[in-house]
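Peer 1: Okay, predicted coordinates and the sequence, questions at the end:
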Amino acid sequence: MLNQLRQDHANMARMLHVLQIKQKTLADGERPNFQLVREVVDYILDYMAGFTLPLEEVCSERLRERAPHCEEITDSLSKDYRALKARLKRLSNDLDMILMDAVVPMDTFADDLKGYLEAHRHYLRNEREHLFPLIREHFDDEDLDKLAEALPAGAAAELERLQAAYPELYAELREAPDPTA
């Protein structure tokens, strides 16, 4: 189960790497493929709703029962998750405006995207450094089974769909460095 969580983190890090490349393109004054950015943002939003939120609910509930002293950590992660999701929703709304050819200041969008990327990487690091050790320490096999049930069933299918629909995204994902290496 923890291996699956680590792999999911590696995949998310690759998605963030693709967004970082697009953010750098924007910061250099060029126009990236905003439809590709839209696909990545939509994927992350769906992933957060289908995986991150259930994961946090199961972990928080179980840790409250087994290790009440960990509540500060789980509350902090939950707060960070809500702030991260709100940032991503704002970026999504700005993307909608950009794709409808509305005037959106590109320097502001690039700065917002950079801030989001930093916040998401910080969140992933906190999960790795704080939540994963708690899972390892306090969860038994039954708890790990509940976590496994919280995993999105369609993640692999979604990556295959993205590969077919956006070969450029797939190529960038394949070229993105493996954060676990």
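Peer 2: Thanks, I have it.

Peer 1: For this protein, name the helix or strand with the lowest mean pLDDT.
Peer 2: helix 155-165 (a mean of 62; mean pLDDT, DSSP states H and E).

Peer 1: what about the chain, any weak spots by pLDDT?
Peer 2: Counting by pLDDT under 70, the low-confidence segments of the chain come to 150-163, 165-174, 176-181.

Peer 1: Where do the helices of it begin and end?
Peer 2: 2-27, 34-47, 53-66, 71-99, 106-126, 132-138, 141-150, 155-165, 167-175 (DSSP state H).

Peer 1: Save those helices as TSV, and put in mean neighbour count too.
Peer 2: (C-beta placed from N, C-alpha, C; glycine too.) Shown next, in TSV, are the helices of the chain (neighbours: other Cβ atoms under 10 Å):
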stretch	mean neighbour count
helix 2-27	17
helix 34-47	18
helix 53-66	17
helix 71-99	15
helix 106-126	16
helix 132-138	15
helix 141-150	14
helix 155-165	13
helix 167-175	14
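
Peer 1: Check the offset of stretch 57-72 from the chain's centre.
Peer 2: Offset of stretch 57-72 from its chain centre (Cα atoms, centre = their mean, to the nearest Å): 22 Å.

Peer 1: Can we start the residue count at 32 from this point?
Peer 2: Renumbered: residue one is now 32, and that last one reads stretch 88-103.
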